[in-house]
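[1] fold the following and give me the result.
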Amino acid sequence: MEKDDRPHGSILCFDYGKRRIGVAVGQTITGTATSLAVVSNGDKPDWSEISRHVTEWKPSGFVVGLPLSVDGEETRMSARARAFGNKLSGRYGISVCYQDERLTSVDAQREFAVLRAAGGAKRKDAGRLDAVAAKIILENWLQNQ
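    Residues are numbered from 1 along each chain as shown. Next comes the predicted model:
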């Protein structure tokens, strides 16, 4: 019997961007995900905020969205997302999986529009789009497990 080395339990997902990083949490048992927060990312990520989420959720694994070109090739942003994932893994000693994030921005904008229409979000909350994108990335990863 092969050893199952996929993470089980809570998973934190990050949608890495130059200015912001969306954060979501999910459960491998239920296959569900929830958007959590948006962490600032300027010269470097807000590691204290990321640490707060790691401490609170005690994840067994991380998922980082991997921005690929339309034809599936890695880009300069892919390299940045992988570098961020390597730093996450090194800092917390938790393995990182990468998930293709093509089209998640479109899905996130659609989901955010539904939230706004239902009164659950306002235009000024648009920064939450990154957290919604992280949730969608994590849902896709969970479905592929």
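
[2] skipping adjacent residues, who's closest to N140 in space?
    The shortest distance from N140 to any non-neighbouring residue, by Cβ to Cβ, 6 or more residues apart in numbering, is to Q99 (5.9 Å). Heads up, the C-betas are built off the backbone N, CA and C, glycines and all.

[3] tell me the mean pLDDT for the helix or strand hosting the one you found?
    Using DSSP states H and E, the element containing Q99 is strand 96-100. Computed over strand 96-100, the mean pLDDT rounds to 95.

[4] same deal with stretch 44-51?
    The average pLDDT within stretch 44-51 is 96.

[5] one more: stretch 75-92?
    On average, stretch 75-92 scores 96.

[6] from Y16, how far out is the residue nearest to T75 when sequence neighbours are not counted?
    If the residues on either side of it in the chain are set aside, T75 comes closest to S69, at 5.4 Å by Cβ to Cβ, 6+ apart. Distance, S69 to Y16, using Cβ to Cβ, to the nearest Å: 16 Å.

[7] out of those two, which sits in the busier spot?
    In this view S69 and Y16 are compared by other Cβ atoms under 10 Å, and Y16 has more residues nearby, 26 against 11.

[8] if you skip the residues just before and after it, what's nearest to the more buried one?
    Nearest residue to Y16, sequence neighbours excluded (Cβ to Cβ, 6+ apart): A81, at 4.4 Å.
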